[in-house]
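J.: Build me a model from this:
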Amino acid sequence: GKASAGALEYLPVARVSNITAAIDTLKKAGVWIYGTAAEGSTTLYKADLKGAAAIVIGNEGQGMSRLVSDSCDFKVSIPMKGSISSLNASAAAAIMLYEAVRQRSV
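T.: All right, here's what the predicted structure looks like:
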């Protein structure tokens with residue numbers, strides 16, 4: 001969509017058929033892997049997304065598989081208030097990408 005076009009100039013986005021192989025390839029290239037997780041060990045506010053980083057978004061039903069989750073260097077949670085306990089995948093992706101762009105523009 002038009003709204004995402006600006007972000008894509010700065011942040012390449014990819015969908016892959018074999019996420020585990022893609023993560024291994026990215027790690028070998030020196031890219032840090034950040035996975036989204038409701039119970040992440042790092043909050044989004046403390047995640048350093050300025051360097052070479054790949055963001056993995058789990059599916060809305062089960063999130064990431066154990067294998068994919070264990071392959072991530074960092075598990076990042078998006079802080080939420082009130083009764084909201086989770087976000088859909090597109091909302092989580094938008095928030096993570098926004099923060100990556102924000103950090104890179106500071």
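J.: what's the longest helix in this structure?
T.: helix 89-105 (DSSP state H).
J.: Sketch out the low-pLDDT regions of the chain for me.
T.: 1-11, 40, 83-85 (pLDDT under 70).
J.: which residues of it fall in strands?
T.: Assigned strands in the chain, in chain order: 32-36, 42-43, 53-56, 74-77 (criterion: DSSP state E).
J.: With mean neighbour count and distance to Ala22 added, can I get those in JSON lines?
T.: Where C-beta positions appear, they are placed from N, C-alpha and C, glycine not excepted. What follows is those, written out as JSON lines (neighbours: other CB atoms under 10 Å; distance: least, CB to CB, whole Å):
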{"stretch": "strand 32-36", "mean neighbour count": "21", "distance to Ala22": "10"}
{"stretch": "strand 42-43", "mean neighbour count": "13", "distance to Ala22": "21"}
{"stretch": "strand 53-56", "mean neighbour count": "21", "distance to Ala22": "8"}
{"stretch": "strand 74-77", "mean neighbour count": "20", "distance to Ala22": "17"}
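J.: Nearest to Arg15 among those would be which one?
T.: When those are ranked by proximity to Arg15, the top entry is strand 53-56, at 11.3 Å, counting by CB to CB.
J.: What are the contacting residues of that closest one?
T.: Outside of strand 53-56, the residues within contact range by CB atoms under 8 Å, 6 or more residues apart in numbering are 19, 23, 26, 31-36, 49, 64, 68, 72, 93, 96-97, 100.
J.: now do stretch 14-24
T.: Contacting residues not belonging to stretch 14-24 are listed as 33, 54, 56, 67-68, 71-72 [CB under 8 Å, 6+ apart].
J.: How about stretch 30-41?
T.: Contact partners of stretch 30-41, identified using CB under 8 Å, 6+ apart, comprise 23, 26-27, 47, 49, 51-58, 63-64, 68-69, 71-78, 85-86, 92, 96.
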